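Engineer: heads up, no residue letters with this:
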């Protein structure tokens, strides 16, 4: 049997809004993935460490506090420092369209903004990891 | 029973008269556009209805307060229009405050950035990237002086959304007031100070539940004697709802939390009527208009009965559930953001029909960023239109007697009481929070709501139906990325300037006070604040003593 896709959902920084992160975690589970949720207030180093330890296929970051421009690229950087740049990082939250290009330049694979259906995110992850549709 | 009705009516009339002496009605006579006169209150006409009326509704300003906590509600004064604001530096936020006051806003509401809310200074490694983002950064008393510069604290009431470090920020507020020559007995406002909902839904906790509850009761006790006009807590359903709860869960979990605070205060030796009059509440208003209006009415009735019957409160003020409302942030869409103005108007209307004491209306762009000045103005104008143009404030509780609304009020009450019983069986709200019970209930409701949107069982205009191709970036407020550096520099300057020996002395006195659970830490925090000890330094002293909470 094919192994399940493993996803780390993480909340970097101090933001406490975890409704989106929790809903997406559950939706991805319902799509047959293994999801690990870090809980609140994780540093970039802790997130990268968890990603490696849990041997995940993708890291999903959530931030609604406006700190994404500082916080998301740091996670990408920490993964690189730990020779794990092959783990793709995606993100979501309250993120103005204007910041999306910047984050992608910084190595974040994809940003999902408010209102994205969870199925769309699940399909994206599936394609990203396996190159196939759910 | 008919006697009871007539007696209460007389009491209500007398109370109306008395209130009007202090706060005259807004107009000599209220008439609509057809020149028909509007009474302050409409009542059931038939005597057969009176018994039921007295049991469930009563007169406004009278037990069980279903129709409102004042006899004349908005006939004399509108609700307080209180827009939550704060971003970047204290100086910028001070300018926004002055702008809002100039525009006719009647109270202030301070948003703090996350490092302040979690008790970190701006130069703490944990604060990186978050300084000044979701609110104003406050490190020392100096920032608070800048924030409130030129604002007369004897005239303006201020609400502060601060929880785990509420004691510190309240002490800073007291210290600034004293510098303005305003004694602490005269200041008015509210600190949120509701830690239980932080564990449940909002996330800005620091210490574990037990010492957190002690800090809260310390504040109750201190303020009862020293700061009698300040609301010592704003027990909040807002964030519970934003995290995905239903309206029933919002009221149930909020009131269950309220009971936990009352229990803790009584256990610490306070009498219920000493602190209960200063308890305030904070609710959300979402789109289902009648459900929301019924929710507010039910919440008032349940709380009044709980306080009277369970806690034996005798002071009328202890029975009255006073609340602030904010419209629902999570109902706003990033798509076609101007539609949000209409959502906010509907939500605000439900809060007014539900008898709110103060109101924040969200701005159309809040699904994307903090509001621009223009968006913030439209949000305030929305309240002003409801107040001055719609006429809904001209009579008390205009929805009373509607078969639908009364039935909905009863049903909300019934379901809320079921939850409250369940939580009591678990050992109360603190225990339920520690077990993660409320968190799980909310999460389940949030997931169900999301599924309904994705299956289009629920239509959200512009999001899953009636979409248009659009660019989503418009004019958004951007917080200056350089701000963090400036704030850190200022913090270092104040650390150089202040008398470090005094700071050390005050912090070590606080440490000693914290060790003894019978000592009230408030006077010690006030001393430290006045010596320009920072939020981070004070919270770190308490972290060392109390430990940190890491999740259920």
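Structural biologist: Good, I have the coordinates. Values in this document were obtained by computation on a predicted structure and should not be read as measured data.

Engineer: and the helices in the stretch 251-400 of chain B, which stretches?
Structural biologist: Using DSSP state H, counting those that start in this stretch, the helices found in the stretch 251-400 of chain B span residues B:272-275, B:289-305, B:316-319, B:339-353, B:373-388.

Engineer: which residues touch the first one?
Structural biologist: By C-beta atoms under 8 Å, 6 or more residues apart in numbering or on different chains, the list of residues contacting helix B:272-275 from outside reads B:220-221, B:224, B:232, B:262, B:265-266, B:307, B:311-315, B:318. Glycine gets a C-beta too; all of them are placed from N, C-alpha and C.

Engineer: now restrict the residues you listed to buried residues only.
Structural biologist: Judged by neighbour count, with 16 or more other C-beta atoms under 10 Å in any protein chain shown as the criterion, the buried members of those are B:220-221, B:224, B:232, B:262, B:265-266, B:307, B:311, B:313, B:318.

Engineer: now, which of those residues sits nearest residue A:70?
Structural biologist: Proximity to residue A:70 was ranked across those by C-beta to C-beta; first place goes to residue B:232, at 35.4 Å.

Engineer: so which elements touch the helix or strand where residue A:121 lies?
Structural biologist: Following DSSP states H and E, one finds residue A:121 within helix A:118-130. Packing partners of helix A:118-130 (3 or more C-beta pairs under 8 Å, 6 or more residues apart in numbering or on different chains; DSSP states H and E): helix A:19-30, strand A:58-63, strand A:89-93, strand A:110-113, helix B:437-454.

Engineer: can you rerun that using 7 Å?
Structural biologist: Packing contacts for helix A:118-130, counted by 3 or more C-beta pairs under 7 Å, 6 or more residues apart in numbering or on different chains; DSSP states H and E, involve helix A:19-30, strand A:58-63, helix B:437-454.

Engineer: want to throw the ones you listed into TSV with distance to residue B:174 and mean neighbour count?
Structural biologist: Listed next are the helices and strands packed on helix A:118-130 as TSV, based on distance: least, C-beta to C-beta, whole Å; neighbours: other C-beta atoms under 10 Å in any protein chain shown:
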stretch	distance to residue B:174	mean neighbour count
helix A:19-30	35	20
strand A:58-63	34	26
helix B:437-454	33	18
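
Engineer: tell me the centre residue of the chain?
Structural biologist: Here I'm looking at chain A. By C-alpha atoms, centre = their mean, the mean C-alpha position of chain A lies nearest to residue A:60, the distance being 0.8 Å.

Engineer: how close does it sit to residue A:37?
Structural biologist: 10 Å (C-beta to C-beta, to the nearest Å).

Engineer: and residue B:130, by the same measure?
Structural biologist: Between residue B:130 and residue A:37 the distance, using C-beta to C-beta, works out to 21 Å.

Engineer: any common contacting residues for residue A:60 and residue A:37?
Structural biologist: With C-beta atoms under 7 Å, 6 or more residues apart in numbering or on different chains applied, the overlap between the contact sets of residue A:60 and residue A:37 consists of residue A:9.

Engineer: using TSV, lay out the contacts of helix B:272-275 together with distance to chain A.
Structural biologist: Listed next are the contacts of helix B:272-275 as TSV, based on distance: C-beta to the nearest C-beta, whole Å:
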residue	distance to chain A
B:220	25
B:221	28
B:224	30
B:232	23
B:262	25
B:265	26
B:266	30
B:307	30
B:311	31
B:312	36
B:313	33
B:314	38
B:315	35
B:318	31
